[in-house]
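Peer 1: sequence-free structure coming up:
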């Protein structure tokens, strides 16, 4: 009886270490479709990108979605694209959606664990 309890306690104690080793972080920014990103010479023109955002085109996007944060554009993985499409479909505004993404960044790509919209600019 003691062995299962000890194993359960060891498992619970190791969970925070596993979470830290997973490399997951939170990223906040504007969710946009890739075709909207105004990138010239590897530099994102954030103001122009946000001004050109079209909510109808965002729903019909086939090129995928990305996150603008701190003047940079990051593409989302397959799961991130699915979550983005569903959030945009429920968004009742012509303005870009502000989101918080939990995931792991590799280069200019975010492997998304989860995503939620936010009305507060926390980035």
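Peer 2: Nice, I can see it. Note that the structure is a prediction, hence the values are computed from the model and not measured.

Peer 1: which stretches of this protein form strands?
Peer 2: Along the chain, the stretches classed as strands by DSSP state E are 25-33, 39-40, 43-44, 65-69, 72-76, 97-106, 109-117.

Peer 1: Contacts for the longest one, please.
Peer 2: When you say that, I think you mean strand 97-106. For strand 97-106, contacts defined as C-beta atoms under 8 Å, 6 or more residues apart in numbering pick out 22-31, 67, 74, 76-77, 80, 84, 87-88, 91, 110-122. Where you see a C-beta, it was placed from the backbone N, CA and C, and this is true even at glycine.

Peer 1: from those residues, which would you call buried?
Peer 2: 27-31, 67, 74, 76-77, 80, 84, 87-88, 91, 110-113, 115 (16 or more other C-beta atoms under 10 Å).

Peer 1: Residue 72 and residue 44 touch, don't they?
Peer 2: Yes - between residue 72 and residue 44 there is a contact under C-beta atoms under 8 Å: 6.1 Å.

Peer 1: beta partners for the spatially closest residue to residue 57 that is not a sequence neighbour?
Peer 2: Nearest non-adjacent residue to residue 57, counting by C-beta to C-beta, 6 or more residues apart in numbering: residue 33, 6.6 Å away. Beta-bridge partners for residue 33, by DSSP bridges, are residue 65.

Peer 1: residues in contact with residue 33?
Peer 2: Neighbours of residue 33 in contact, by C-beta under 8 Å, 6+ apart: 57-58, 61, 63-66.

Peer 1: any idea how far residue 63 is from it?
Peer 2: 7 Å (C-beta to C-beta, to the nearest Å).
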